[in-house]
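[1] here are the coordinates; sequence isn't available:
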């Protein structure tokens, strides 16, 4: 294959592999206005997706578990009912006649007894158990925050990658139209003897390549739209009305985001709850080495069925201590302390990972914004070069290959610029996710709150 064809193929392939931000669309006739889906509206839909609802159900379950343990310090009141029948022989001495007498007593009936057991001191286990249940509620709520941040990051990537691939299709269609016009001119110029058959063949090859790239872009468009519909759990995808925002400078340093993350990132909150749970677990295990004190009482509702040797009612204080248990108490304490150390180390590792992630993502945000600004100048030069090559071709001073190279170079630069804009918003969304401040995203990029008129953005058939 000649070197010129290889160069042309590489340029077209590079243009497709990168993603588009804001290429100038070609007017395609009267616009068909469609219902719009802004980024803000798409974000609201995340509250109703299955992944969010599942975690909300987990929070409700944890809350019910906590409520079930809220009365551990209250007395336990029970009623025991049993049908009984018994016979007892009683012998006793009558002092007056100095004679022992025996009496047979028979009784039967329904014995009803009210029992009260009130734990007064359990070695701190009751309070620790309730605090563990309360901490699990907070942990589940933190898991919901993590899921929301993950869904928002995924939405940001899919929403704006869809916007880019839509622009890619527009760019590919524009390339097909431009090169198609060049092929028509080449055919006419060849008939007039102004260019050679090789020039005409080069234009035909470029058109075939442009059509292939357009088909590939439409397939990518279908895949990305399917992914966004799956995320939002919708059957049809409305017109996306929030454009990819232009990169803006950051007003805060990376250290500022790191400091904010330590207070706002839900991963820290989750580990803090885990630490609370392990502390309470240690208290429970240590409490098993302490005695229990309780108040106990009984009352017979049917004294006629009560054995003569038992009281009709009783009240008292109790004490219980387990000298030997089937489970080693000291080993249980050591196991709980090891779990606490594991959580502490996990917290240190999370701190290092989040700090590294924020610093790396912050640098990526700056890099993509710098690339966007540099490529803006290249676009201006590329447009002028394409204009001059087209004019030179019409005047017979350039070949069809020169024109196609200029057009495809311009498209490749536009694609790189738009790709830089997408990577900027993707990295910025990740930065706000790591710092636990998703509300900063529209503050830095106010255009995310805008909804633009959109049309002719139907899904490919």
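    Yes, it's here. Being a predicted model, the structure only gives us computed values, none of them experimental.
[2] contacts and neighbour counts: CA atoms only from here.
    Will do.
[3] what comes up buried for the biggest strand by length in the chain?
    Taking DSSP state E as the criterion, the chain has its longest strand at strand 99-121. Within strand 99-121, the residues that count as buried by 16 or more other CA atoms under 10 Å are 110-113, 115, 117-121.
[4] next SSE after it?
    Scanning forward in sequence from strand 99-121 by DSSP states H and E, the next helix or strand is helix 125-191.
[5] Return the angle between stretch directions for that next one and strand 99-121.
    Per axes from the mean of the first three to the mean of the last three CA atoms, to 10 degrees, the angle that helix 125-191 makes with strand 99-121 is 40 degrees.
[6] tell me the mean pLDDT for helix 125-191?
    In this model, helix 125-191 carries a mean pLDDT of 90.
[7] Tell me how far that helix lies from the chain's centre.
    Taking CA atoms, centre = their mean, to the nearest Å, one finds the center of helix 125-191 at 13 Å from the center of the full chain.
[8] Show me what the next helix or strand after that helix packs onto, helices and strands only.
    Counting by DSSP H and E, the next helix or strand C-terminal to helix 125-191 is helix 197-232. Judged by 3 or more CA pairs under 8 Å, 6 or more residues apart in numbering; DSSP states H and E, the packing partners of helix 197-232 are helix 3-17, helix 125-191, helix 400-434.
[9] Please identify the deepest-packed of these.
    Among these, ranked by average contacts under mean count of other CA atoms under 10 Å, first place goes to helix 400-434 (a mean of 25).
[10] now that helix against helix 197-232, angle please.
    Using the same axes, to 10 degrees: helix 400-434 against helix 197-232 is 20 degrees.
[11] can you give me how far helix 400-434 is from the chain middle?
    With CA atoms, centre = their mean as the basis, helix 400-434 stands 27 Å off its chain's centre.
[12] Give me the residues contacting the following helix or strand past that helix.
    Next helix or strand after helix 400-434 toward the C-terminus (DSSP H and E): helix 440-444. The contact list for helix 440-444, computed with CA atoms under 8 Å, 6 or more residues apart in numbering, reads 248, 250, 428-429, 432, 448-449.
[13] contacts for the longest strand of the chain?
    73-94, 292-306.
[14] and what of stretch 379-396?
    Stretch 379-396 is contacted by residues 194-195, 398-400, 402-403, 406-407, 409-410, 413-414 when judged by CA under 8 Å, 6+ apart.
[15] Can you tell me which of the residues you listed is nearest residue 45?
    residue 414 (32.1 Å; CA to CA).
[16] how close does that closest one sit to residue 224?
    Distance of residue 414 to residue 224, computed by CA to CA, to the nearest Å: 20 Å.
[17] Kindly report the same for residue 398.
    Noted for residue 398: a distance of 39 Å to residue 224, by CA to CA.
[18] ok, back up a step: can you select the buried ones from the contacts of strand 99-121 in ChimeraX?
    Of these, the buried ones go into a single ChimeraX selection, burial set by 16+ other CA under 10 Å:
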select :292,293,294,295,296,298,299,300,301,303,305,306
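[19] State the phi and psi torsions of residue 312.
    As for residue 312, its main-chain torsions (degrees, to the nearest 10) stand at phi -70, psi -30.
[20] do the same with residue 326
    Backbone geometry at residue 326, expressed as degrees, to the nearest 10, gives phi -70, psi -20.
[21] Equivalent analysis for residue 301, please.
    When read as degrees, to the nearest 10, the backbone of residue 301 gives phi -80, psi -20.
[22] Now do the same for it: its pLDDT.
    Per-residue confidence (pLDDT) for residue 301: 87.
[23] Please name the nearest non-neighbouring residue to it.
    Leaving aside its sequence neighbours, residue 301 sits nearest to residue 112 (CA to CA, 6 or more residues apart in numbering; 5.2 Å).
[24] what about that neighbour, distance to residue 292?
    As judged by CA to CA, residue 112 and residue 292 stand 28 Å apart.
[25] residue ranges with poor pLDDT in this structure?
    Scanning the chain for pLDDT under 70 picks out 1-34, 86-88, 90, 92-94, 97, 102-104, 308, 451, 453-461.
[26] swap the cut-off to 50 and go again
    Scanning the chain for pLDDT under 50 picks out 1-33, 455-461.
[27] In this structure residue 275 contacts residue 344, no?
    Yes: the pair residue 275 and residue 344 passes the contact test of CA atoms under 8 Å, sitting 7.2 Å apart.
[28] Pick out whichever of those two has more residues nearby.
    residue 275 (20 against 16; other CA atoms under 10 Å).
[29] quick one: secondary structure of that one?
    Secondary structure for residue 275, judged by DSSP: H, G, I helix; E, B strand; the rest coil, is helix.
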